[in-house]
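fold the following and give me the result.
(chains A, B, C and D)
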Protein chains: 4
Amino acid sequence: MQLGIVGLGRMGGNIARRLMRNGHQVVVNDRNPTAIDALAVEGAQGANDLPALVGHLARPRAIWVMLPAGEPTEQTLAQLADLLDAGDVLIDGGNSFYKDDIRRASELKKRHLHYIDVGTSGGVWGLERGYCMMIGGEQAVVERLDPLFASLAPGIGSIPRTRGRSGEPGRAEQGYIHAGPAGSGHFVKMIHNGIEYGLMQAYAEGFDILRSKASEELPPDQRYELDLAQIAEVWRRGSVVTSWLLDLTADALAADPHLEHYSGAVADSGEGRWTIDAAVEQAVPVPVLSSALFARFRSRQQQGTYGDKLLSAMRFGFGGHVERPE
Amino acid sequence: MQLGIVGLGRMGGNIARRLMRNGHQVVVNDRNPTAIDALAVEGAQGANDLPALVGHLARPRAIWVMLPAGEPTEQTLAQLADLLDAGDVLIDGGNSFYKDDIRRASELKKRHLHYIDVGTSGGVWGLERGYCMMIGGEQAVVERLDPLFASLAPGIGSIPRTRGRSGEPGRAEQGYIHAGPAGSGHFVKMIHNGIEYGLMQAYAEGFDILRSKASEELPPDQRYELDLAQIAEVWRRGSVVTSWLLDLTADALAADPHLEHYSGAVADSGEGRWTIDAAVEQAVPVPVLSSALFARFRSRQQQGTYGDKLLSAMRFGFGGHVERPE
Amino acid sequence: MQLGIVGLGRMGGNIARRLMRNGHQVVVNDRNPTAIDALAVEGAQGANDLPALVGHLARPRAIWVMLPAGEPTEQTLAQLADLLDAGDVLIDGGNSFYKDDIRRASELKKRHLHYIDVGTSGGVWGLERGYCMMIGGEQAVVERLDPLFASLAPGIGSIPRTRGRSGEPGRAEQGYIHAGPAGSGHFVKMIHNGIEYGLMQAYAEGFDILRSKASEELPPDQRYELDLAQIAEVWRRGSVVTSWLLDLTADALAADPHLEHYSGAVADSGEGRWTIDAAVEQAVPVPVLSSALFARFRSRQQQGTYGDKLLSAMRFGFGGHVERPE
Amino acid sequence: MQLGIVGLGRMGGNIARRLMRNGHQVVVNDRNPTAIDALAVEGAQGANDLPALVGHLARPRAIWVMLPAGEPTEQTLAQLADLLDAGDVLIDGGNSFYKDDIRRASELKKRHLHYIDVGTSGGVWGLERGYCMMIGGEQAVVERLDPLFASLAPGIGSIPRTRGRSGEPGRAEQGYIHAGPAGSGHFVKMIHNGIEYGLMQAYAEGFDILRSKASEELPPDQRYELDLAQIAEVWRRGSVVTSWLLDLTADALAADPHLEHYSGAVADSGEGRWTIDAAVEQAVPVPVLSSALFARFRSRQQQGTYGDKLLSAMRFGFGGHVERPE
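A predicted model of the protein is given here:
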């Protein structure tokens, strides 16, 4: 099949590569000509601008936009919409907010264009492992594009089948699903990221306790110098907490047990935040997912936030406790 | 009445003073002779050591120990127990763990000594406002000491009576209660402090949001330069969040709106921690009280805890995100 | 001064009454004629519809809309805007979302109308205690309406002045402030409510621990039958946790110590939710305020949420633990 | 090698079986004779009481106690200690509190007995997958027992090696570690369980949001009927949240998508609680791990806790809001 791709960053470039490896034809564009050239060398057709990209594609066209959420994606979609013909498909494979998908799908429908949102997980490992995809949009259009999704997905691989599943493996077992109407792909991906934050923070807190167990403030017979790399390793086999994130933890600790190469000022993305907004909107209590997000906010703050200082001020007020800046 | 007092810090010294102002006789001891002398000038009888203190008191004696919880209190109580006679009373007015009270009361009972635990709130304001006291121990002993407690308590003052309360004001309306058997005084005081942490953190978070509303990262028409001192002040009148802690906040913000005199590295005491332990033991969910404690732990950590770094390491692992130390 | 009031519920009706008591003239409208008649008996001028209300007011008019946030407020404001003349003022005293205020003020400005948002705290006590008001909008318009606000506010009353404040008491000490431009009044009120949730939950958790201390699952000597009404009462005097909410707690516990008249299915309002959204948007960690909101969500759920069942299912999966419905 | 095993429940019985499969000799005891007989049929030597068990073992003996933590374990260890000879080893493979291990090791040492604590993960899957073990105690004793641990452990299996690990796989890669001195095995296992709670709750919250996205309270175009079984399945391949717990979730949802066979009244064990106590003792903020524990506490409460009712009472007090029992 043929696919146009706009945005050749880490994700977009590897998506192009994985499609070509599976026999698809890709037409690629990026604001950086070097990125286009690199893909052209590997067999893609380069397009220096959006009209050229559209011109190289046969109707009905399908164009995958893989850009940062917000303005870059919004503007590119708008420009492409003006260049396309009825029946063409725009795919947003980035991390857009699902309500933006709903709006866009509705607007594009009036112009007889189709819109598909794809929540794409895989990061730097996608080229090799394949991409886990959660897809939202019209059923018929998702069907039409199935050969592309099937090639991008990891496939059933060596992962044992879930109990009760037999026969020909379905899409979910191949690593992609059609989740529902417009926006549902990004919605499911958003929750995926929300869960990811929670899982990561659970490990972080556990290892923090393990590490601080060597503290000299504890009684000597209750003090342990634990080998965290060995602990991460042993939990990879037969324990309840085995996971890919634990595998990555074991990788990191084997290479740098004191984690000196990391700042610990942890970024967060829109998806982690929108997960909390969705939970609040739907009245679902999410103490773990919100705590994980707040821990990231806190990780980027210097000591002595305004709120913390207010605590110091109140303590001084009622108890004369002095917590002065040094 | 006559009372021995051991420990003449901020709390113990003012307790002695408030009792003397109300016509009681106090015999005082401290490891610091200067503290003894200061009280002696004000009318107390000084005692340079514990035997002297005991010697100055008529039987049945009552001795109030006002020392840091843990070893200092434990050792002093043990030394005094060896000096006392059957029927004498030891009072721990500090912040002991209530299970220690239960143990001590049981041990002292075998020696025909009485033990009273008094959770004492009032801080630097107690001399003037009086001390709110939560008392645990045997009913008859609490009754015997009532004149002391009545003098230390704030009294009914100008605070409007609770709806439905009428007639002669009881002890609770005077600001002290006999909560129950040994340990219950400190238990109630412990929960008081747990609640205090939660209240303080609620204000801290709210003011943090108000302050960050001026952030340049927000759209200009959604940015407000709010006057936090005025906000604290206005909430003192007619709002739902009026409280003494808000009064103290208003004091602090009026004097130093940017809170530059405070470090924000907020200490926590045993009572805040024991509250969480008690909730865990009793299977009571306490998300707010625990969050407030954890916020204090976090306030004392430099940026880049081990757990935070582990998050950075995982993010590098799955997404190639670089969060390096500067 | 003259003021039109639309919406004569608990808040709107008492606002009209408090203004009349202070010599102002009010013209009132409600969709329920009985509510209009009741106020007319007390001296207000009744208006059966919005055109009549507008007709009774002299220019420049000021109309206070006191309706549920969302559609009722939105539609009424739109209808009034069509009836007003340049220079007139619309006041939203309800609980609108502050971004709606910003939008409305901007739209009305194009029509030469003014818009003021007033976050109003006081509930059923406002008529007697006065209303604490946080006001957003143009400086000159707020000044023009000052006599109304001054009459509605509690005034300085018997509350001790904040340390460092002297001279003629300003607006904040009277119980109202001009917080800033459009939306800032409701923003500050929103945070007030967010803090309120946190404070309430702190008390709720503390009393929950106190109550469960009588549990038969605890060792007998660590079990206390605590008198919660007495504890609430004693904390009202001299403790760190004194507050108006504690006063209300003492009222409730004095009347009904087992709280049997309350369901515990606790409602939440837009303001509690928006506070969390604002914190997420501004990257402020708010573990206490969010926990308080989630506790309310949880309080309305029957036992056995989907998430809880998923935990049971996982436990069965890895450990054979059986948690079946009865 | 030869091992005595006391306690033939789900874990103890399968440990005996796995050892026998690997050529070891086991002598078994249980208070239930049927359990002894069942193992005897499979090749174990049965012992009807502890003296018989000790009598069947050659010196230096090793006895693995696999009983519920607390009294059952404590008493059995005490009885065995009286029967053993210098140089013998007692192993606690259950879920004891690590401070109990430290105490026991110290006491037994005085009697020239050795004590080993083994945190054992594996549940109902251990016989087949092997047991992940975290071992605390004296180095020489752990070495002596290595053949037993090696047989119980999962072995390196088909799990890809951690980056940077090469050569002969060490113990951690086989699925067991010597964590440190007495108690450290159970300490590491305790943290493992704490993390487990956090991971589980992260998934539970995420799936709760996904499910409630079908709520009729949402605008129709923002409502999705998501197929949660397919979502769990798709995340097993190529996503960041793949884990064994997700595998179990997919199993459960494939069999019972509405989870109707589960009550959602979720039990918690000592280890989840002790993790929070340890964090509090070490001043480590653990918002996620504590939230996960509290969610379990809450899952077992009927609607309308005392704390919730107090919130209703306060709301009635300040706003006249009526939240009555039905």
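
what's the spacing between the helix or strand containing residue A:289 and its chain's center?
Assigned by DSSP states H and E, residue A:289 belongs to helix A:287-299. Centroid separation for helix A:287-299 versus its chain: 17 Å, with Cα atoms, centre = their mean, to the nearest Å.

pLDDT weak spots in the stretch 1-150 of chain A?
Within the stretch 1-150 of chain A, no stretch has pLDDT under 70.

domains of chain A?
Listed by the TED database, the domain ranges of chain A are A:2-157+A:170-182, A:189-307.

the helix holding residue A:289 near chain C anywhere?
Yes. Helix A:287-299 is in contact with chain C by Cβ under 8 Å from any Cβ of the partner chain, via A:287, A:290, A:291, A:293, A:294, A:295, A:297, A:298. In this view, the C-beta of every residue, glycine as well, is placed from N, C-alpha and C.

buried ones in that helix?
By 16 or more other Cβ atoms under 10 Å in any protein chain shown, the buried positions in helix A:287-299 come out as A:287-299.

then stretch A:79-90?
Residues of stretch A:79-90 classed as buried by neighbour count (16+ other Cβ under 10 Å): A:80, A:81, A:84, A:88, A:89, A:90.

what's the answer for stretch A:35-47, then?
Within stretch A:35-47, the residues scored as buried using 16+ other Cβ under 10 Å are A:35, A:36, A:38, A:39, A:44, A:45, A:46, A:47.

the residues you listed in helices, which ones?
A:35, A:36, A:38, A:39 (DSSP state H).

quick check: closest non-adjacent residue to the last one.
Same thing as residue A:39. Counting by Cβ to Cβ, 6 or more residues apart in numbering or on different chains, residue A:39 lies nearest to residue A:28, which is 4.9 Å off, once chain neighbours are set aside.

surely that neighbour touches residue A:36?
Yes. Applying Cβ atoms under 8 Å, one finds residue A:28 in contact with residue A:36, separated by 5.9 Å.

helix, strand or coil for the residue nearest to residue A:206 when sequence neighbours are not counted?
Distances taken as Cβ to Cβ, 6+ apart place residue D:195 nearest to residue A:206, at 3.9 Å, with adjacent residues excluded. With DSSP: H, G, I helix; E, B strand; the rest coil as the basis, residue D:195 sits in helix.

hang on, residue D:195 packs against residue A:204?
No. Applying Cβ under 8 Å, one finds residue D:195 not in contact with residue A:204, separated by 9.5 Å.

list the contacts for residue A:2?
A:24, A:25, A:26, A:27, A:57, A:58, A:62 (Cβ atoms under 8 Å, 6 or more residues apart in numbering or on different chains).

any chance of those residues in TSV with distance to residue A:257 as columns?
Below are those laid out as TSV (distance: Cβ to Cβ, whole Å):
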residue	distance to residue A:257
A:24	43
A:25	47
A:26	42
A:27	47
A:57	51
A:58	55
A:62	47
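
out of those residues, which sit inside strands?
Using DSSP state E, A:25, A:26, A:27, A:62 are the members of the contacts of residue A:2 that sit in strands.

would you reformat the residues you listed as JSON lines and include distance to chain B and neighbour count?
Shown next, in JSON lines, are the ones in strands among the contacts of residue A:2 (distance: Cβ to the nearest Cβ, whole Å; neighbours: other Cβ atoms under 10 Å in any protein chain shown):
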{"residue": "A:25", "distance to chain B": "28", "neighbour count": "16"}
{"residue": "A:26", "distance to chain B": "22", "neighbour count": "24"}
{"residue": "A:27", "distance to chain B": "26", "neighbour count": "23"}
{"residue": "A:62", "distance to chain B": "26", "neighbour count": "20"}
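
roughly how far apart are the residue nearest the centre of chain A and residue A:198?
Geometric centre of chain A, nearest residue: residue A:121, 5.1 Å, by Cα atoms, centre = their mean. In this view, residue A:121 and residue A:198 are 16 Å apart by Cβ to Cβ, to the nearest Å.

what of residue A:224?
In terms of Cβ to Cβ, residue A:224 sits 27 Å off from residue A:198.

for those two, work out which one has more neighbours and name it.
Neighbour count, other Cβ atoms under 10 Å in any protein chain shown: between residue A:224 and residue A:198, residue A:198 has more, with 32 against 21.

any idea how far the more buried one is from residue A:288?
On the measure of Cβ to Cβ, residue A:198 and residue A:288 end up 5 Å apart.

and for the two, which residues touch both?
The contact lists of residue A:198 and residue A:288 share D:198, D:201, D:202, D:205, D:288, where a contact means Cβ under 8 Å, 6+ apart.

what's near enough to touch the third one?
Pointing back at residue D:202 there. Contacts of residue D:202 by Cβ under 8 Å, 6+ apart are A:195, A:197, A:198, A:199, A:202, A:288, A:289, A:292, D:288.

the first one touches residue D:203, doesn't it?
Which is residue A:195. Yes. If you go by Cβ under 8 Å, residue A:195 and residue D:203 touch, sitting 6.0 Å apart.

which neighbours do these two have in common?
Common neighbours of residue A:195 and residue D:203 (Cβ under 8 Å, 6+ apart) are residue D:241.

of these two, who's got more company?
More crowded of residue A:195 and residue D:203, by other Cβ under 10 Å: residue A:195, with 28 against 25.

contacts only, for that one.
Contacts of residue A:195 by Cβ under 8 Å, 6+ apart are A:289, D:202, D:203, D:205, D:206, D:241.

any idea how far the last one is from residue C:8?
Using Cβ to Cβ, one gets 53 Å for the distance from residue D:241 to residue C:8.

and chain B, is the host helix or strand of residue A:19 touching that?
For residue A:19, the host element (DSSP H and E) is helix A:10-21. Yes. Using Cβ under 8 Å from any Cβ, helix A:10-21 reaches chain B at residue A:10.

contacts for that helix, please.
So helix A:10-21 is contacted by A:3, A:5-6, A:8, A:26, A:28, A:30, A:35, A:38-39, A:42-44, A:64, A:66-67, A:93, A:120, A:122-124, A:126-127, A:130-131, A:148, A:151-152, B:320 (Cβ under 8 Å, 6+ apart).

those in strands, which ones?
Reading strands off the contacts of helix A:10-21 with DSSP E, I get A:3, A:5, A:6, A:26, A:28, A:64, A:120.

got these as a markdown table, with distance to residue C:272 columns?
What follows is those, written out as a markdown table (distance: Cβ to Cβ, whole Å):
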| residue | distance to residue C:272 |
| --- | --- |
| A:3 | 46 |
| A:5 | 44 |
| A:6 | 42 |
| A:26 | 49 |
| A:28 | 48 |
| A:64 | 41 |
| A:120 | 35 |
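
flag every residue of the stretch 51-200 of chain A that's near chain B.
Near chain B, when you scan the stretch 51-200 of chain A using Cβ under 8 Å from any Cβ, you find A:123, A:124, A:125, A:200.

narrow the residues you listed to those in helices?
residue A:200.

so which of the residues of the stretch 51-200 of chain A next to chain B wins on neighbours?
Neighbour max across those (other Cβ under 10 Å) = residue A:200, 30 neighbours.

list the contacts of residue A:55.
residue A:47.

likewise residue A:142?
Contacts of residue A:142 by Cβ under 8 Å, 6+ apart are A:116, A:135, A:149, A:178.

closest one to residue A:325 out of those, please.
residue A:135 (53.0 Å; Cβ to Cβ).

any idea which element the closest one lies in?
strand A:132-136.

mind giving me the packing neighbours of that strand?
Applying 3 or more Cβ pairs under 8 Å, 6 or more residues apart in numbering or on different chains; DSSP states H and E, we find strand A:132-136 packed against strand A:114-121, helix A:146-152, strand A:176-180, helix A:184-212, helix D:228-235.

could you redo the last one with a cut-off of 10 Å?
Other helices and strands packing on strand A:132-136, by 3 or more Cβ pairs under 10 Å, 6 or more residues apart in numbering or on different chains; DSSP states H and E, are helix A:98-110, strand A:114-121, helix A:139-144, helix A:146-152, helix A:171-174, strand A:176-180, helix A:184-212, helix D:228-235.

I'd like these as CSV, with distance to residue A:275 appended.
As requested, the helices and strands packed on strand A:132-136 are exported to CSV (distance: least, Cβ to Cβ, whole Å):
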stretch, distance to residue A:275
helix A:98-110, 11
strand A:114-121, 12
helix A:139-144, 24
helix A:146-152, 24
helix A:171-174, 22
strand A:176-180, 16
helix A:184-212, 3
helix D:228-235, 14
